[in-house]
Every structure is written in C-alpha cells, then in structure tokens.
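J.: following is a predicted model, sequence given first.
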Amino acid sequence: MSTIAAFYGGKSILITGATGFLGKVLMEKLFRTSPDLKVIYILVRPKAGQTLQQRVFQILDSKLFEKVKEVCPNVHEKIRAIYADLNQNDFAISKEDMQELLSCTNIIFHCAATVRFDDTLRHAVQLNVTATRQLLLMASQMPKLEAFIHISTAYSNCNLKHIDEVIYPCPVEPKKIIDSLEWLDDAIIDEITPKLIRDWPNIYTYTKALGEMVVQQESRNLNIAIIRPSIVGATWQEPFPGWVDNINGPNGIIIATGKGFLRAIKATPMAVADVIPVDTVVNLMLAVGWYTAVHRPKSTLVYHITSGNMNPCNWHKMGNTTSTHSSGKPWCHTESSIAGQLDTVAHFIIGFELKNAFPRMENTWHAGVQVLATFEKIPFERPFRRPNANFTSNSFTSQYWNAVSHRAPAIIYDCYLRLTGRKPRMTKLMNRLLRTVSMLEYFINRSWEWSTYNTEMLMSELSPEDQRVFNFDVRQLNWLEYIENYVLGVKKYLLKEDMAGIPKAKQRLKRLRNIHYLFNTALFLIAWRLLIARSQMARNVWFFIVSFCYKFLSYFRASSTLKV
Ligand SMILES: CCCCCCCCCCCCCCCCCCCCCCCCCCCC(=O)SCCNC(=O)CCNC(=O)[C@H](O)C(C)(C)COP(=O)(O)OP(=O)(O)OC[C@H]1O[C@@H](n2cnc3c(N)ncnc32)[C@H](O)[C@@H]1OP(=O)(O)O
Ligand SMILES: NC(=O)C1=CN([C@@H]2O[C@H](COP(=O)(O)OP(=O)(O)OC[C@H]3O[C@@H](n4cnc5c(N)ncnc54)[C@H](OP(=O)(O)O)[C@@H]3O)[C@@H](O)[C@H]2O)C=CC1
C-alpha cells in the first residue's frame, strides 16, 4: 500500500479554497486514495444564492466526484463545511467551529486566494496576505497540527528570470502594507499601487510574494512548506483526463480561439508555455504534506512544480505532429520566419496557406498549433469565425491584427445585428476579451527558469508505489495527448457541448471557410480593379501577367500535342 495514502488515513484535514479549481481536485484525490481519512474541514462562504450545504452537494454531485462515490460512499459525512469568510476578522467562524478546528486539525492545505490580476490592492492583500497570517496564527494554536502547506505561485517572483526554491524578501514589509491599508483611503491606495508593486506585473503576483514572506515571518515552530505551481491546467490523468471548471489562464483563451473570436495574439512564439496539470500539482501537495509532517525539515521548504525545465512546450506550435490542417499545416502563423511572414501575407490576401512553411524545432512541444489542429477534429459549436492564430511579438503588428481581425469583424457583426433589429453586443465582448488578453501578455512573452531541487529530492524519497499513485513527474507528460484532452475537456465540461454536435460544427466551419475565401477574393478583385483603373504601372503588370499565362498555356498545349 502507498505510504502517503496510509498517512492521511484517520487524519482531520483543513482545506481553504476547497470550492476552487485546485481545492476540488485535492479533495477528490484525498477521498479516493485515503477513504479512511477522518474528516475534511472546508472553509466556505455562501455564494451566488447558494448555502454552504448546497455548494458542497453541487461539488460532490459533479462528474469529478463520480469515482469517489464508488470508493467512499459516505463521502458526504466526511466533509464538514464551516462557514467562513477569509476577508473578515477571525474569518467570521463561530466559536464552536473554531474550537473544533483548533483542537482536531492535523494538516492544513491553504489554497484560498484571489487569483484575479485586476483586483484592488486592499482586497488582494486582505485575502493573499492578511488571511494567510490569520491562518498561521490559528495554526499555532492547533496542538495536533503536523503540517501547514501553503499554495503560492511560481510567478510570485516573476520579476526575476531565474527563480530558486527560496523565499525572496519583498521591498516593503508585509506588516507595513497591512497596517497602512487600514487607514489609507481607496483613492490614495490606487495612486501608490504602481509604486508599491514596482516590477511585478500585477497585484496578484505581488500579493502572493507578500504572502510567502508572511509565511516565513509567522512560521514559529510550525512544519511549513510552500508549493509554487506555474500555470495550472486541466487534469492530465486523474480522475479522468481533461477536467477543467473555470475560465482562468489558458482556458478562456482556448474558448476564445475555438469560437473564432481571438485570431491573433501578442505572444513570443518560442516562449515556454509553462502549463502544469492540476492533478500533478495535487499529487505533489499530498506528497509534501506527508514529507513535511513525517520528516519535519528544519526550515520551510519551497517546492516548484513547473513543466518548462523538464518537458518544455511553447505557445506556438507542436513539432513533429501528424495532426495538421487539410492544406498540410495547421492554421498558425508566426512572424518569426520569413516564410511565416509570406504565409501571413498570402493568408491575408487570398486565404492561401503555404505548405510546410515553418522551421521545426526539435524536442520542444508547441501548444498553439496543437490546439488549433485539435479544433479541426473537435470543433466548438457555433463559432463566430474560423479558428486561427497569428502570433506576433511586435506591438505595431499586434495593433494591426487587433483592428483587422478583432475590432473590424465585431463592428461589422454589430451592424448586422442592428440591421436585423437585435441588440449589438460583439464590440463590447471583443473589448473585454482584448483587455483579458492584454493582462496575460506579460506571461506569454517571457520564459523563466525555476530550479526544482526540492521537488526532485522529494520524488527520490518516494517509494515506487507512491511514485505511481502520487505521480508528479512531468517528464512523462505527452503534450500532444494532453492538449487534445484539454481542448475536449473545455468543450465538454466548460462549454457543456455535446459530442453529437461535431458534424454540424464541422459543416459550419466549412461554410465559414467558403465565406472567408469569397470575401477575400472579392476584396482582392475590387482592390485590383481600382488599382488598374488608376495606375499605368498596374496595367502594365496586369498585361504582363495575362500574356505570360497565355504563353505558358500555349506552350503547354503545344508540348502535349507533340507528345501525342
Ligand atoms: C497546454 C495548453 C496550452 C494552451 C495554449 C492555448 C493556446 C490557444 C490557442 C492558440 C492561440 C495562441 C494563444 C497563445 C497564448 C495562450 C495564452 C494562455 C495564457 C495563460 C497565461 C496565464 C498566466 C498566469 C500566470 C499566473 C498563474 C497563477 O498563479 S494564477 C491563475 C491565473 N489567474 C487568472 O488567470 C486570472 C485572470 N483573470 C482575471 O484577472 C479576470 O478574470 C479578468 C481580468 C481576466 C476578467 O475580468 P472581467 O472583469 O473582464 O470579467 P469578469 O466580470 O470577472 O468575468 C466575465 C464573465 O466570466 C465569468 N467568470 C469569471 N471568472 C470565472 C471563472 N473562474 N470561471 C467561470 N466563469 C468565470 C463571470 O461570471 C462573468 O460572466 P457574466 O457575469 O455572465 O458576464
Ligand atoms: N490556477 C492557477 O493557474 C494557479 C493557481 N495558483 C494558486 O493556487 C491556489 C488555488 O487557485 P485556484 O484554485 O486556481 O483558484 P480559484 O479562484 O479557483 O479558487 C479560489 C478559492 O479561494 C476561495 N476564496 C476566495 N475568497 C474567499 C473568501 N473571502 N473567503 C473564503 N474563501 C475564499 C474561493 O471560494 P469561492 O468559491 O467562495 O469563491 C475558492 O475556493 C491559489 O492560492 C492560487 O494562487 C498558483 C499557480 C497557478
């Protein structure tokens, strides 16, 4: 039997953020591998008109928990939802609940956070920093506590290029920030925010860095570990491939691309797409929980769980894949090669795509192309336009694509909606999408190096059985398979689309392609007609092309007559 699974048997585990993406997968794995655990306490707030119990039932009744219900039929009894709001003093937990938590908890997994990039500093500090401090204070009063696992992000120090598994100091003490936010008003906070966050790209990453510092400062005698995942993606293997449930990170981009809204992006094609499957992160979390409790390392260990250093994939395309567009190459354009530029121009003018125009990069997996190739096999329903992706790292070109590929079609579509008596909505939607994309740009135009000594050390400490059951070795990940399942998962679990609709979606894509070709050809002919009406040089070129074609055809006919 697995040592780690046995360790969690009979334990009382406290999880914050259990209703979130990572939290749900963590609970699922815990129940499935250690059905004899005592109880999982989850700190939950009522939301969207649902009570705590309704939220818990909704989670347990989801497809994610189907296997759990077979292994652990009394799972409902083993979850204890505790009313809590991490934004409030003492988390607004009742005295009785607090007493139970303090006296019974053995392990804490602290996942709750605000992951919005555009949150206010006040709210982000409250949740990502102050709440962490408060939880550590609670933890210090728990006599049975064996380990406190804090979930941070690999991007908490994204202002550095090489990041080690250590806690870096922040320029301003977290305590000073917490104290000053108490008396500063919102207008002043907005003003000083850019000065405070300095070279961090957003409030989220900055407050996660502050959160780590708080963990270090308030650790007392606790057994603490920090886990830093990179971009957490759909499940790889467990409980089944491709499970996702929110629009964060790549998920929203996959939807926007698959539906044909997003067709160009400012991204460095060869930058590493450091996506890490959520089940891999959860396996590491459980292994770290066990290791921290049993081996009690002398200091707080930081574990990176990233993919780039061991099994790199980049945003652009997936090399050596057999899965290609009908014209021989997936619809993915980059200006990183001359062929790519020619291809973009050719594509723009007549929708023609040059075969095999890209240099292939060995040993690196390319996400964009593979995602696009998957849309061929598994198209999303009712796309706005054909899925496509033009990559550019140049701001001017990016603005050009935004105007031509995003704003212009949205305006045309809104005119159509107006003319047919409907409310225009596409321009608004497009503006929102472009705002979201602009927030992600920082992360898709850079690569980072994360050292993974602690993670590798832990892997070597596991028994072969634990390495199998709690696998976090990302070298075994096959990106081609993973991305296909990812796209399928987005379609099934996020968009809730039926697989039976695929033939219809494929037909619609064909229709859109024909409209696209017709539109571009008409545009080309009109432009050309206008040009030869106005310019002698254009007329000469036209005359030259026509006579050349005529001569070529005459020669061809003559040579085939001779052969006969
Ligand atoms: C291996 C797979 C690779 C995949 C590659 C993809 C390739 C695609 C095809 C090729 C195209 C080329 C693309 C290449 C680039 C790919 C880009 C991928 C980018 C990934 C980068 C991520 C970097 C992350 C680094 C840090 C990682 C972390 O540590 S934290 C987690 C990440 N956090 C986030 O992602 C949060 C970002 N989100 C936000 O900050 C905000 O949501 C927003 C600012 C983006 C949007 O705010 P806005 O106010 O406009 O919207 P909002 O009102 O909030 O919501 C709009 C509607 O959506 C609903 N909603 C909101 N959140 C969710 C949710 N989580 N789940 C479900 N629904 C949600 C909300 O209710 C609103 O609905 P309505 O009310 O009905 O309008
Ligand atoms: N997703 C990613 O790509 C990455 C995530 N991480 C880290 O992993 C952790 C989990 O992220 P993820 O699951 O994706 O995030 P989610 O946004 O899916 O989940 C956040 C969780 O925090 C809870 N929460 C937020 N505010 C409060 C509050 N005031 N009181 C109680 N609970 C609250 C949410 O509860 P509710 O359901 O009520 O909103 C939810 O359960 C975070 O610490 C994040 O920084 C790190 C790297 C990448």
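T.: Received, thanks. Ligands and ions are numbered 1, 2, ... in the order given.
J.: can you give me the helices in the stretch 301-450 of the chain?
T.: 338-350, 367-377, 395-401, 408-419, 426-444 (DSSP state H, counting those that start in this stretch).
J.: my bad, the stretch 1-150 of the chain
T.: 3-8, 21-33, 52-60, 66-71, 75-78, 95-104, 121-125, 131-139.
J.: which of those helices sits most buried?
T.: Stretch with highest mean neighbour count among the helices of the stretch 1-150 of the chain: helix 21-33 (a mean of 24; mean count of other C-beta atoms under 10 Å). (Each C-beta comes from the backbone N, C-alpha and C, glycine too.)
J.: tell me what it is packed against?
T.: helix 3-8, strand 12-16, strand 39-44, helix 66-71, helix 278-295 (3 or more C-beta pairs under 8 Å, 6 or more residues apart in numbering; DSSP states H and E).
J.: okay if I get the helices of the stretch 1-150 of the chain as a markdown table plus distance to residue 159?
T.: A markdown table is the format used below for these (distance: least, C-beta to C-beta, whole Å):
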| stretch | distance to residue 159 |
| --- | --- |
| helix 3-8 | 35 |
| helix 21-33 | 24 |
| helix 52-60 | 36 |
| helix 66-71 | 40 |
| helix 75-78 | 42 |
| helix 95-104 | 36 |
| helix 121-125 | 17 |
| helix 131-139 | 20 |
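J.: got CSV for those, with distance to ligand 2 too?
T.: Converted to CSV, the helices of the stretch 1-150 of the chain look like this (distance: least, C-beta to the nearest ligand atom, whole Å):
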stretch, distance to ligand 2
helix 3-8, 20
helix 21-33, 4
helix 52-60, 7
helix 66-71, 18
helix 75-78, 18
helix 95-104, 14
helix 121-125, 9
helix 131-139, 7
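J.: and of these, who's closest to residue 416?
T.: Comparison of those against residue 416 by C-beta to C-beta identifies helix 21-33 as nearest, at 36.7 Å.
J.: can you list the weak-confidence ranges in the stretch 51-200 of the chain?
T.: Residues of the stretch 51-200 of the chain meeting the criterion pLDDT under 70: none.
J.: now do the buried residues in stretch 209-222.
T.: 209-216, 218-219, 222 (16 or more other C-beta atoms under 10 Å).
J.: likewise for stretch 164-172?
T.: For stretch 164-172, burial by neighbour count (16+ other C-beta under 10 Å) applies to 164-167, 170, 172.
J.: residues contacting the closest residue to residue 266 other than its chain neighbours?
T.: Among residues not flanking residue 266 along the chain, residue 398 sits closest, at 4.0 Å (C-beta to C-beta, 6 or more residues apart in numbering). Listed by C-beta atoms under 8 Å, 6 or more residues apart in numbering, the contact set of residue 398 reads 264-266, 392.
J.: pick the one among those residues closest to ligand 2.
T.: Lowest distance from ligand 2 to those (C-beta to the nearest ligand atom) belongs to residue 265, with 18.3 Å.
J.: for the closest one, give me the pLDDT.
T.: Looking at residue 265, its pLDDT reads 90.
J.: interface residues of the protein facing ligand 2?
T.: 17, 19-23, 43, 45, 47, 84-87, 111-115, 127, 151, 153, 208, 229, 231-232, 246, 248-249 (C-beta under 6 Å from any ligand atom).
J.: before we move on, back to that, pull the most distant pair out of the buried residues of stretch 164-172.
T.: Using C-beta to C-beta, the buried residues of stretch 164-172 reach their maximum pairwise distance at 165 and 172, which is 23.2 Å.
J.: need the residues of the stretch 451-564 of the chain near ligand 1, please.
T.: For the stretch 451-564 of the chain, the residues in contact with ligand 1 (C-beta under 6 Å from any ligand atom) are 483, 486.
J.: can you pull the buried residues of stretch 178-198?
T.: Buried-residue list, stretch 178-198, by 16+ other C-beta under 10 Å: 178, 181, 184, 189, 196-197.
J.: just the ones of these in strands?
T.: Using DSSP state E, the subset of the buried residues of stretch 178-198 located in strands is empty.
J.: circling back: as TSV, the helices of the stretch 301-450 of the chain with mean pLDDT would be great.
T.: As requested, the helices of the stretch 301-450 of the chain are exported to TSV (pLDDT from 0 to 100):
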stretch	mean pLDDT
helix 338-350	40
helix 367-377	86
helix 395-401	93
helix 408-419	96
helix 426-444	95
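J.: reformat those helices as CSV; add distance to residue 133.
T.: Below are the helices of the stretch 301-450 of the chain laid out as CSV (distance: least, C-beta to C-beta, whole Å):
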stretch, distance to residue 133
helix 338-350, 50
helix 367-377, 37
helix 395-401, 40
helix 408-419, 45
helix 426-444, 27
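J.: and those helices, which is most packed in?
T.: Greatest average neighbour count among the helices of the stretch 301-450 of the chain goes to helix 367-377 (a mean of 24), per mean count of other C-beta under 10 Å.
J.: what's the closest of the buried residues of stretch 209-222 to residue 415?
T.: residue 209 (46.5 Å).
J.: surely the closest one meets residue 169?
T.: No: at 9.2 Å, residue 209 and residue 169 do not qualify as touching, with contact defined as C-beta atoms under 8 Å.
J.: redo the buried residues of stretch 209-222 as TSV? Include distance to ligand 1.
T.: TSV is the format used below for the buried residues of stretch 209-222 (distance: C-beta to the nearest ligand atom, whole Å):
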residue	distance to ligand 1
209	11
210	14
211	12
212	13
213	17
214	17
215	16
216	19
218	22
219	22
222	24
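J.: so which of the helices and strands packed on helix 21-33 is nearest residue 80?
T.: Taking C-beta to C-beta, strand 39-44 is the member of the helices and strands packed on helix 21-33 nearest to residue 80, at 5.1 Å.
J.: any idea of the mean pLDDT for the closest one?
T.: Across strand 39-44, pLDDT averages out at 98.
J.: nearest residue to residue 199 other than its sequence neighbours?
T.: residue 159 (4.2 Å).
J.: burial measure for that neighbour, as a count.
T.: Residues lying near residue 159 (other C-beta atoms under 10 Å) number 16.
J.: and if you look at residue 518?
T.: Neighbours of residue 518 using other C-beta under 10 Å come to 11.
J.: relative orientation of the helix or strand containing it and helix 367-377 in degrees?
T.: Using DSSP states H and E, residue 518 maps to helix 502-534. Here helix 502-534 points in a direction 110 degrees away from that of helix 367-377 (axes from the mean of the first three to the mean of the last three C-alpha atoms, to 10 degrees).
J.: tell me which residues of helix 502-534 are tucked away?
T.: 502, 505, 508-509, 512, 520.
J.: tell me the contacts of the closest residue to ligand 2 within the stretch 351-500 of the chain?
T.: Going by C-beta to the nearest ligand atom, ligand 2 is nearest to residue 443 of the stretch 351-500 of the chain, at 10.2 Å. Residues near residue 443 by C-beta under 8 Å, 6+ apart: 155, 158, 201, 231.
J.: returning to that earlier point: let me have the buried residues of stretch 164-172 in CSV, extended by distance to residue 104.
T.: Output for these, formatted as CSV (distance: C-beta to C-beta, whole Å):
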residue, distance to residue 104
164, 36
165, 31
166, 33
167, 29
170, 34
172, 37
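J.: what does the stretch 251-400 of the chain put close to ligand 1?
T.: Near ligand 1, when you scan the stretch 251-400 of the chain using C-beta under 6 Å from any ligand atom, you find 253-254, 257, 265, 267, 273, 275, 315, 367-368, 371, 389.
J.: what distance do you get for the residue nearest to residue 266 to ligand 1?
T.: In this view, residue 398 and ligand 1 are 12 Å apart by C-beta to the nearest ligand atom, to the nearest Å.
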